[in-house]
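Colleague: My questions are about this predicted structure, shown below with the sequence.
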Amino acid sequence: MKIFVLLAAILLLISASAAESAAVTVQLSPARQVVKRGNSPRFVVTVTATTSTMRVMKFAARTDLRDTYARLFVTHNGAPVDVPRLISDPGPTSESDYLELSPGKEFTFTHNGSPFALSKLPPGDYVAIVKLQPDWSLEAVESNAVSFHVSGNDS
């Protein structure tokens, strides 16, 4: 009996955490871009509170938080890309590392794919999404997919 109560409590906490992270939407733009080989694409990430006031990390102010909790995933022909990755571990957070978003309010920040060295991608077509955790304790919310093309040096 105690095990069932414990399992029920764990499931309730998990569903509450998932519900909180679903209280934001994440939009990645531009929908399509072209970058020259050797350059990194630049993305704009827009986080919008939907149903309740949300506490969200200030990803624009702290690259270590952005690198870890707003992770960009890039694929080529459906497979993850293999590029060098820099070490970027998040430091501790304090209340000053968060902002409160009320329903309907949004904030944006730019993302160049760090800690992944997207400037090392060969020419070709790619797709990117961002998986963003508004707070380190919440489940990630996945953005829409966008595409980009890396052109050769002569294009």
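Modeller: Yep, it's here.
Colleague: Please name the bridge partners of the residue nearest the centre of the chain.
Modeller: When CA atoms, centre = their mean is applied to the chain, the residue found nearest the centroid is residue 70 (2.8 Å). Under DSSP bridges, the beta-bridge partners of residue 70 are residue 132.
Colleague: neighbours around residue 52, how many?
Modeller: The tally of other residues near residue 52 (other CB atoms under 10 Å) stands at 12. C-beta here means a position set from N, CA and C on the backbone, and glycine is covered the same way.
Colleague: what residues are up against the residue lying closest to it once chain neighbours are set aside?
Modeller: Computed as CB to CB, 6 or more residues apart in numbering, the closest residue to residue 52 that is not its neighbour in sequence is residue 23, at 5.1 Å. Contact analysis of residue 23 by CB atoms under 8 Å, 6 or more residues apart in numbering lists 49, 50, 51, 52, 54.
Colleague: Just those: which are in strands?
Modeller: 49, 54 (DSSP state E).
Colleague: Ranking helices and strands of the chain by mean pLDDT, which lands last?
Modeller: In the chain, no helix or strand scores lower on mean pLDDT, DSSP states H and E than helix 2-21, which sits at a mean of 39.
Colleague: still on that earlier bit, so the residue nearest to the centre of the chain sits right up against residue 130, yeah?
Modeller: Yes: judged on CB atoms under 8 Å, residue 70 makes contact with residue 130 at a distance of 5.7 Å.
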